[in-house]
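Undergrad: The sequence isn't on hand, but the structure is:
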């Protein structure tokens, strides 16, 4: 029974070793032609199938040649933990020291300073200030003043015409002169009265306009 178990184990080991050896050879061929990524993938897959020390050393070599010393250091250390013979351990320690020196002397890469975009100033707030209306711009007061002024002028003219006619009638030296203008006496009186009324109305309108302007000037 023991012989059967031992035979089964040997068969299983051979079955695993065959594809692992194939991966090792494939990785070594890729390593030889500088295809380090393919070599690393083959060595890692082979180590998963058969965790042998030769895979670890080959993996460290491929990683170092690729320029990944940090990964190579981990592989060399894992290889040395398997306690290989001194003739195999010596080059591994030498390559491990080489990678550690490269990492220690590697320049520190300082990230470029962040570019700070200048803050966009907020758009200026445009406040439109409506001009304060002036008292003299009041339309109603202007209309009152205009009508009142016109009424004053018209009334003054009309009053003057009536007064002139009445004076002419009063200054008549003869009856004929008086008779010639006597029928216009009523017209002269009407012109005088109309002129007086127009002057009075016009004056009142002007006074109202001035009063309105004064009030607006105090309350605006």
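TA: Nice, I can see it. Note that this is a predicted model, so its numbers are computed, not measured.

Undergrad: Can you name the residues that contact the closest residue to residue 103 other than its chain neighbours?
TA: Leaving aside its sequence neighbours, residue 103 sits nearest to residue 69 (C-beta to C-beta, 6 or more residues apart in numbering; 5.4 Å). For the C-beta atoms, the positions are set from N, CA and C on the backbone; glycine is no exception. Residue 69 sits next to 63, 99, 100, 102, 103 when contact means C-beta atoms under 8 Å, 6 or more residues apart in numbering.

Undergrad: so how far is residue 214 from the second one?
TA: Distance, residue 99 to residue 214, by C-beta to C-beta, to the nearest Å: 100 Å.

Undergrad: do the last one as well
TA: As for residue 103, its distance to residue 214 is 94 Å (criterion: C-beta to C-beta).

Undergrad: the domain parsing of this structure - what is it?
TA: Following automatic domain parsing, one gets these domains for the chain: 14-105, 135-219.

Undergrad: weakest of the ones you listed by average pLDDT?
TA: Note on the domains of the chain: lowest mean pLDDT is at domain 135-219, with a mean of 74.

Undergrad: need the next SSE after the helix or strand hosting residue 79, C-terminal direction.
TA: Taking DSSP states H and E as the criterion, residue 79 maps to helix 69-80. Using DSSP H and E, the helix or strand that follows helix 69-80 in sequence is helix 86-105.

Undergrad: for that next one, which positions count as buried?
TA: Residues 89, 92, 95, 96, 99, 100 are the ones in helix 86-105 that count as buried (16 or more other C-beta atoms under 10 Å).

Undergrad: In this structure, which helix is the longest?
TA: helix 185-219 (DSSP state H).

Undergrad: how about it: buried residues?
TA: 188, 191-192, 194-196, 198-199, 201-202, 205-206, 209, 212-213, 216.

Undergrad: Check which helices and strands that helix sits against.
TA: helix 139-170 (3 or more C-beta pairs under 8 Å, 6 or more residues apart in numbering; DSSP states H and E).

Undergrad: Now do the helix it packs on against helix 185-219, angle only.
TA: 150 degrees (axes from the mean of the first three to the mean of the last three C-alpha atoms, to 10 degrees).

Undergrad: same for helix 139-170, what does it pack against?
TA: Where contact means 3+ C-beta pairs under 8 Å, 6+ apart, helix 139-170 is packed against helix 175-182, helix 185-219.

Undergrad: between the buried residues of helix 185-219, which is nearest residue 81?
TA: Taking C-beta to C-beta as the measure, residue 81 sits nearest to residue 216 out of the buried residues of helix 185-219, at 102.5 Å.

Undergrad: Wait, that closest one touches residue 141, no?
TA: Yes - if you go by C-beta atoms under 8 Å, residue 216 and residue 141 touch, sitting 7.3 Å apart.

Undergrad: Let me know the secondary structure of the spatially most central residue of the chain.
TA: Centroid-nearest residue in the chain: residue 120, 6.2 Å away (criterion: C-alpha atoms, centre = their mean). With DSSP: H, G, I helix; E, B strand; the rest coil as the basis, residue 120 sits in coil.

Undergrad: of all the buried residues of helix 185-219, which comes closest to residue 85?
TA: In terms of C-beta to C-beta, no member of those lies closer to residue 85 than residue 216, at 114.3 Å.

Undergrad: Distance of the closest one relative to residue 139?
TA: Residue 216 sits 11 Å away from residue 139, taking C-beta to C-beta as the criterion.
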